[in-house]
Each structure stands twice: as C-alpha cells, then as structure tokens.
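Student: One predicted model, sequence on top.
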Amino acid sequence: MLENKDLLSINQLTKDEILSIIKKAESYFRNNKITMKKKDLNRFTQINLFFENSTRTQVSFEIAGTLLGANVVNFPLSNSSQSKGETLLDLASTLNSMNPDILVIRHPNSGAVQLISEKVKCSVVNAGDGNHEHPTQALLDILTIKKRIGKISDLNIAICGDISHSRVARSNIFCHTKLGNKITVIGPKTLIPKDIEKLGVQVFYNMVDGLRDIDVIMVLRLQKERMDGGYFSSEREYFHLYGLDDRKMKYAKPSAIIMHPGPMNRGIEIDGDLADNIDKSVITMQVEAGLAIRMSVLELLLKQKIENV
Ligand code: NCD
C-alpha cells in the first residue's frame, strides 16, 4: 500500500513502499498476467500530459494503463489551449473538473508537477520534471538490477556523465541510498553539482578510478536541452574521456552490467557495439521493466483510491 495519493519523487517513498512496487511489478514482468485486464480498474480515467518530448516513458504509461483496463487519454498539447496562453494552473483546474483518476505528467520545469498535484483531487505521477526527479525510471532500474543480478542491496553503482541536468541521476541516488547501495558519480567537473557529496555519494572526475569495483554502470546522455552554455569542449573529446567503451569497461568488475535510460547517443556517452552487447548491456530489459513498474505504480495508486472512497 502507498501512503501518498501521488508519486512525485523517490524521496517521498519509504524503503518498504519501494519494495512493494518492485514486488507487484515482478508479477507483471514477462508474465502472461500482463494481458489480463483488472475488472475493478476499468472504470478509471488516466490522462497523460507530456509537456516535453518522450518516447518510452509516454508509450509505456499508455500501454500500462490500457493493460490494466483504464481509459487512457493522451492530452494533445500542440492543439490545446496551452498554445493559446492558458496558465498551467488554469489547465490543471480544467482537467480537475473532468474528474480523471490519475494524471501522468512530464514537464520541463522542476517542481511543476508538484504544483499541479496541489491543485487537483486525483492522483498525480511525475513522469519527469526538469532536472528534479523521474521516480518511475529509478524504480524500473531497480527491477532490472534485481532481474539481472538477483539482488538490490550491497551493490556498487556508478552513474556516469551529465549528472547536473539529470533527474534520472537524482532519483537513482535517492533510491539506492534507501536500499543501502554505494553510489559513485563520475563525470567532468562542469557536469557534476558542487555539493552532491551531501547526498551521500562519492565523486570521481575520471573513469579509471571511478569504475573500480563497480557492479552497475549507469550511463547518462548529455542533456543539451537543459544546458545554457559550454560544459564540454567537444563530443569527440567527451567520448574519449567519459564515453563507455570496451577499454573503460575493464576498470569495473568483470561481471558489471551497463544501463542507460535512453534515448542513447551512440559514440558520445557510449560505444554503439557495447550498448548492443547483451552479455553486458541491459538497456532493452530496462524498457521491458518500465512497463511492469508503471503498471505496478498505477495499480497501487488506483487501489489506494478505491479503498479511500
Ligand atoms: C530520461 C528523461 O527523460 O529524463 N529518459 C527517459 O525517461 N527514458 C533521460 C534522458 O532524457 O536522457
């Protein structure tokens, strides 16, 4: 059972809540139950509201809701009154009057999803807000690690690349801290927030030292859409220093796995052949786990609503 009506951040979840989301998702993962509609959920309305581009997150929330039997509406932002200058809070109040049960929201500004959640009665799921949090991404990463390594604690996790602009990094740091894993962040000084050690992570500015003894390597994209200046000299030099390739993989444990939330820029943060190497890379498994996690989160939030009626 989840305590809050919304899922806005990993920070708001207890360790037990994280484990119960993972447990329910496991029952959906590669399981034929995934095609079974939940009778008690088919009267629910889910609106997906994506103010930023998305492929895997939006599609998997849509499929997850549909598989659970909810009525899923994808809000068309380009045709909406947002393009006529309506404020975010007016839009929230309009949608609230239509009485949806769940809103799944992605927004380029940190905190915007929380702002909407305070104005509506229904449950709100944060599908990524600015560089703040992306809770379902961290949860699907945990499920992938559990499936591939068989455990989700006592692990050494490295998050590599553009940490400053990454909501995925922040949610994963909060999640792994709660699970008792050791987190290392690796990247150029310009792309690592100055006071990040306060979150309980170790910082390295080079891959040789940072990857030592690492079990899980999470690679991040250079999120240029959130950059307001020059943070690295060239993509070529960035790949040489921080791009994950066979040579740098040797610094980690031989059993280390590679993760990437996507979308991936081959030849910049990761070598294309390495990303496709299924002995090491679990990137496609992350997408599969994403569907199971989103089903689990939607179901747990909707069930909480049924019980509170
Ligand atoms: C991430 C995001 O949007 O934060 N992607 C995703 O949800 N799969 C990471 C990214 O955009 O680089």
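Tutor: Noted; the coordinates are in hand.
Student: wait, what's in contact with the residue nearest to residue 223 when sequence neighbours are not counted?
Tutor: Counting by C-beta to C-beta, 6 or more residues apart in numbering, residue 223 lies nearest to residue 165, which is 4.0 Å off, once chain neighbours are set aside. Glycine gets a C-beta too; all of them are placed from N, C-alpha and C. Contact analysis of residue 165 by C-beta atoms under 8 Å, 6 or more residues apart in numbering lists 131, 191, 223, 226-227.
Student: host element of residue 128?
Tutor: Using DSSP states H and E, residue 128 sits in strand 123-129.
Student: Starting from that strand, tell me the next helix or strand along the chain.
Tutor: Heading C-terminal from strand 123-129 (DSSP H and E), you reach helix 135-149.
Student: What average pLDDT does that following helix get?
Tutor: Throughout helix 135-149, pLDDT has a mean value of 98.
Student: for stretch 222-236, same thing?
Tutor: Stretch 222-236 shows a mean pLDDT of 89.
Student: buried sites along that stretch?
Tutor: If you call a residue buried by 16 or more other C-beta atoms under 10 Å, then stretch 222-236 has these buried ones: 222-223, 231-232.
Student: same thing with stretch 280-296?
Tutor: 280-283, 285-296.
Student: Just the residues contacting it, thanks.
Tutor: Contacting residues not belonging to stretch 280-296 are listed as 21-22, 24-26, 28-30, 34, 56-57, 60-61, 63-65, 67-68, 136-137, 139-141, 143-144, 147-148, 249, 256-262, 264, 274-275, 278 [C-beta under 8 Å, 6+ apart].
Student: so does it get close to the ligand?
Tutor: No: using C-beta under 6 Å from any ligand atom, stretch 280-296 never reaches the ligand; the gap is at least 7.8 Å.
Student: And for the nearest residue to residue 167 once chain neighbours are set aside, the neighbour number?
Tutor: Leaving aside its chain neighbours, residue 167 sits nearest to residue 134 (4.2 Å; criterion: C-beta to C-beta, 6+ apart). As a burial measure, residue 134 scores 26 neighbours (other C-beta atoms under 10 Å).
Student: mind listing what residue 85 touches?
Tutor: Here residue 85 is in contact with no residues (criterion: C-beta under 8 Å, 6+ apart).
Student: now residue 72
Tutor: 46-48, 62, 65-66.
Student: Just the buried residues out of the residues you listed, in PyMOL syntax.
Tutor: To isolate the buried ones among the contacts of residue 72 in PyMOL, judged by 16+ other C-beta under 10 Å, type:
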select buried, resi 46+47+48+62+65
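Student: and the one residue in the stretch 101-250 of the chain that gets nearest to the ligand, how far is that from residue 269?
Tutor: Using C-beta to the nearest ligand atom, residue 221 is the residue of the stretch 101-250 of the chain that sits closest to the ligand, at 3.8 Å. Using C-beta to C-beta, to the nearest Å, residue 221 is found at 6 Å from residue 269.
Student: circling back to that earlier point, reformat the contacts of residue 165 as TSV; add distance to residue 175 and secondary structure.
Tutor: Formatted as TSV, the contacts of residue 165 follow (distance: C-beta to C-beta, whole Å; DSSP: H, G, I helix; E, B strand; the rest coil):
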residue	distance to residue 175	secondary structure
131	16	coil
191	21	helix
223	19	coil
226	21	helix
227	25	coil
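Student: Keep only those of these that are also close to the ligand.
Tutor: residue 223.
Student: Next, format the contacts of residue 165 as CSV and append distance to residue 204.
Tutor: What follows is the contacts of residue 165, written out as CSV (distance: C-beta to C-beta, whole Å):
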residue, distance to residue 204
131, 21
191, 13
223, 20
226, 23
227, 21
